[in-house]
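Engineer: here is the input, now give the coordinates:
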Amino acid sequence: MFDTMLTLISHPLCPFVQRSAIVLLEKGVAFERIDIDLAVKPDWFLTMSPTGKVPVLKVGQPDGDDAVLFESMVICEYLEETQGGVPMYPVDALSRARQRGWAEFGTATLADAWQFLNSSDPSIADGKRAAFCRRLEQLEAVLEGGPYFGGASFGMVDAVFAPVFRYFDILDPIVAQSIFDDLPRVASWRTALALRPSVINAVVGDYADRFRRHLRQHGALLAG
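Structural biologist: Residues are numbered from 1 along each chain as shown. The predicted structure is shown next:
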């Protein structure tokens, strides 16, 4: 039987790469990870990626060629459909569709969080913080017993939100307290995700230092 070789083309700070890495780790799938510099993208990568973005997953084929997948959720869905290990969605079709909707919501939440974290303009930062907090309030209303989004089992929605929450483990604790203290369900979920081995191992060991350096280089208000 042909053993598919998987290669994840990555950038150390990309939250979308982290989604794919988390799913690979949850599935217990062997894969190679290659980091590139997105500021100086290699020609081979630009040939491979139609969008010029990471992640890209190379899927080895029996004829020696590689199939190429791009877009993080496409990669995650492919892994769910083709790899063994723990399922990332419920069996029930309605619950599965609902979780796919919240995974999409997670992408919009990430956009608000990223713009808040990287802003050098106080008015923009305040607006994006407010937008991010409104999304967290919506999550607070739908979370139930935990510890994960769907209950006892870690799933795709958790893989989507874990990279978002990771940022707030790196910043001054006062920033996180001001956002999460009035959202006990979200706060508990965030804590559970931070302890998950797949979430921990989805980033390089010096991720926190790299992210702080990124904020300083972009003059972000939260860099200090």
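
Engineer: which other helices and strands contact the longest helix seen in the chain?
Structural biologist: Assignment by DSSP state H gives helix 93-118 as the longest helix of the chain. Where contact means 3 or more Cβ pairs under 8 Å, 6 or more residues apart in numbering; DSSP states H and E, helix 93-118 is packed against helix 72-82, helix 122-142, helix 156-170. In this view, the C-beta of every residue, glycine as well, is placed from N, C-alpha and C.

Engineer: out of the ones you listed, deepest packed?
Structural biologist: Using mean count of other Cβ atoms under 10 Å, the stretch among these with the largest mean neighbour count is helix 156-170, at a mean of 23.

Engineer: right, and the helices and strands packed on helix 93-118 - which one's nearest G101?
Structural biologist: Closest approach to G101 among these (Cβ to Cβ): helix 156-170, 9.3 Å.

Engineer: quickly list the domain ranges of the chain.
Structural biologist: When the chain is parsed with automatic domain parsing, its domains come out as 6-82, 93-223.

Engineer: now the last one: mean pLDDT?
Structural biologist: Model confidence over domain 93-223 averages 97 on the pLDDT scale.

Engineer: on that earlier part again, tell me the angle of the longest helix of the chain relative to helix 72-82?
Structural biologist: Interaxial angle of helix 93-118 relative to helix 72-82 (axes from the mean of the first three to the mean of the last three Cα atoms, to 10 degrees): 150 degrees.

Engineer: how far does helix 93-118 sit from the chain's center?
Structural biologist: Relative to its chain's centre, helix 93-118 lies at 10 Å (Cα atoms, centre = their mean, to the nearest Å).

Engineer: renumber starting at 397 from here on
Structural biologist: New numbering, starting at 397: the last item is helix 489-514.

Engineer: buried ones in it?
Structural biologist: 492, 494-495, 498-499, 501-502, 505-506, 508-509, 511-514 (16 or more other Cβ atoms under 10 Å).

Engineer: cool, and stretch 438-458?
Structural biologist: For stretch 438-458, by 16+ other Cβ under 10 Å, it's 441, 445, 449-455.

Engineer: quick check: end-to-end length of that stretch?
Structural biologist: Its start and end residues considered, stretch 438-458 measures 26 Å (Cα to Cα, to the nearest Å).

Engineer: quick one: mean pLDDT over it.
Structural biologist: 95.

Engineer: and the furthest pair within the buried residues of stretch 438-458?
Structural biologist: Using Cβ to Cβ, the buried residues of stretch 438-458 span at most 17.8 Å, a distance reached by K449 and V455.
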